[in-house]
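S.K.: The following comprises the amino acid sequence and a computationally predicted model.
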Amino acid sequence: MHPSPVTDLLLKWFAQYGRDLAWRHRGGAHPNPYHVLVSEIMLQQTTVATVGPYFHRFIARFPDVASLAAADIADVYHLWQGLGYYSRARSLHKTAIILANEFGGVFPDDRDAWLKMPGIGPYTAASILSLGFNRAETVVDGNVVRVICRLFGLDAPVDSIRNQIRIHATELTSPHHPADYASAIMDFGATVCTPRTPQCDQCPIAAYCVAHKTDRVAQIPVITKLARPERHGAAYLIKNSRGQFFIRRRTGRGLLAGLYELPWTDDGAPVFHAPAIDTGVTVTHTFTHFKLFLNVRLIEMDDVPIDGTFVDANMLDGYPMSTLMKKAAAALMKKSLI
């Protein structure tokens, strides 16, 4: 199959049906690559619908890379609340500092330079160069994988044929309109060639699609999902005699580093020894590699033997917290425990 008809058909489809997104520019490179950078980091493991409002608030607060580089990480976390995966916010902030200090605020159009930035892998680097510089880079996200596998009838497990998928994706990438093409194939996968209910009757490339012609659309792509192990932990709602609640800022370099939280462990072991009452609240949260069940326990005490601070209940919203802790706080408020 010669790829050029598919490329042209997707570009024509995009011109008519492509989504209008704040971080996208039709007809070539986005005039502000900073918008592309912010959106691509936000879109890692998060949907377009969710990202939209966060993107607008973020750009309003940090309109350029210099303002983001100069910001306190706590302010960045605060705007990120609800998006989850806070390591992305941390990486974005670090990247902004590098761009401001080492590149004079100028965005490099070099793939190797981007791959050295915190939290930026091959997909994000390709997206920035394609959408931000109109470079003919091969952009392969989950939507593109699905389109390529169905189009070429690739029915082996995706993890075993990623190189083959990339080769086909590269063959289809438009050398003349790379930014529009990258947007086109991602939009097409997100809105037409969807995982569960693909709209094959409205597909402009159905005549070239091997999966469609062999009636295997529902079976392709083949994705092997590993079961997430479960962990059962405990969080501690520590309340003092003034009715304030204890929170601490998480240290280290892990996923939740720098965020505020109730003291907690993911194995149920006590943070310190003190009488604790089961509140009847259990919070469930799914991380990338495991599922956590967190039982919340109440401790009443004034002198806490770990670092942290007591705050009034109405001040909790002012502290950047992870999605996990926000779930816990919401559940506790519902039971009038906060």
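M.R.: On my side now, so go ahead. Numbering: from 1, shown residues only.

S.K.: Show me the contact partners of stretch 122-140.
M.R.: By Cβ atoms under 8 Å, 6 or more residues apart in numbering, the surrounding residues in contact with stretch 122-140 are 23-25, 28-30, 33, 36-37, 40-41, 44, 107, 109, 111, 114-115, 120, 141, 148, 165-166, 169-170, 173-175, 178-179, 182-183, 185-186. Any C-beta I mention is one placed from the backbone N, CA and C, and that applies to glycine too.

S.K.: Which of those fall in helices?
M.R.: Among the contacts of stretch 122-140, DSSP state H puts 33, 36-37, 40-41, 111, 114-115, 148, 165-166, 169-170, 178-179, 182-183, 185-186 in helices.

S.K.: circling back to that earlier point, separate out the buried members of the contacts of stretch 122-140.
M.R.: 23-25, 29-30, 33, 36-37, 40-41, 44, 107, 114, 120, 141, 148, 165-166, 169, 173-174, 178-179, 182-183, 185-186 (16 or more other Cβ atoms under 10 Å).

S.K.: ok, Ser233 to Lys291 distance?
M.R.: Ser isn't right for residue 233; it's Gly. 11 Å (Cβ to Cβ, to the nearest Å).

S.K.: Roughly how far does Phe58 sit from Ala100?
M.R.: 17 Å.

S.K.: in what helix or strand does the residue lying farthest from the centre of the chain lie?
M.R.: Largest separation from the mean C-alpha position in the chain: Ser241, at 40.2 Å (Cα atoms, centre = their mean). Using DSSP states H and E, Ser241 falls within no helix or strand.

S.K.: Skipping its backbone neighbours, what lies nearest it in space?
M.R.: Among residues not flanking Ser241 along the chain, Asp302 sits closest, at 5.6 Å (Cβ to Cβ, 6 or more residues apart in numbering).

S.K.: and what of Gly308?
M.R.: Arg248 (3.3 Å).

S.K.: quick one, phi/psi of Asp83?
M.R.: In this structure residue 83 is Leu, not Asp. phi -80, psi -30 (degrees, to the nearest 10).

S.K.: I meant to write His56 there.
M.R.: The phi/psi pair for His56 (degrees, to the nearest 10) reads phi -60, psi -40.

S.K.: Kindly report the same for Leu237.
M.R.: phi -90, psi 100.

S.K.: any idea how far it is from Lys327?
M.R.: For Leu237, the distance to Lys327 equals 13 Å [Cβ to Cβ].

S.K.: now do Thr309
M.R.: In terms of Cβ to Cβ, Thr309 sits 22 Å off from Lys327.

S.K.: Contact partners for the residue lying closest to Trp13 once chain neighbours are set aside?
M.R.: Closest residue in space to Trp13, ignoring its immediate chain neighbours: Pro204 at 4.7 Å, by Cβ to Cβ, 6+ apart. When contacts are counted by Cβ under 8 Å, 6+ apart, Pro204 is found next to Leu9, Leu10, Lys12, Trp13.

S.K.: and Pro204, what element?
M.R.: Pro204 belongs to no helix or strand, assigned by DSSP H and E.

S.K.: Looking at it now. What's its pLDDT?
M.R.: With respect to pLDDT, Pro204 scores 96.

S.K.: Run through the stretch 151-300 of the chain and note the low-pLDDT ranges.
M.R.: 254 (pLDDT under 70).

S.K.: what do you get if the cut-off is 50, keeping everything else the same?
M.R.: Across the stretch 151-300 of the chain, nothing is flagged by pLDDT under 50.

S.K.: hey, where'd the strands end up in it?
M.R.: 230-239, 245-249, 260-261, 264-265, 277-286, 291-300 (DSSP state E, counting those that start in this stretch).

S.K.: nearest to Arg88, of these?
M.R.: Set against Arg88 and scored by Cβ to Cβ, the strands of the stretch 151-300 of the chain come closest in strand 277-286, at 16.6 Å.

S.K.: What is that closest one packed up against?
M.R.: strand 291-300, helix 323-334 (3 or more Cβ pairs under 8 Å, 6 or more residues apart in numbering; DSSP states H and E).

S.K.: Without its sequence neighbours, what residue ends up closest to Lys12?
M.R.: Closest to Lys12 by Cβ to Cβ, 6+ apart is Pro204, at 7.1 Å.

S.K.: Would you map out the domains in the chain?
M.R.: 4-219, 230-334 (automatic domain parsing).

S.K.: most packed of those?
M.R.: Stretch with highest mean neighbour count among those: domain 4-219 (a mean of 18; mean count of other Cβ atoms under 10 Å).

S.K.: How far does that one sit from its chain's centre?
M.R.: From the chain centre to the centre of domain 4-219 is a distance of 12 Å (Cα atoms, centre = their mean, to the nearest Å).

S.K.: Give me the distance between the two termini of it.
M.R.: Start-to-end span of domain 4-219 (Cα to Cα, to the nearest Å) is 26 Å.
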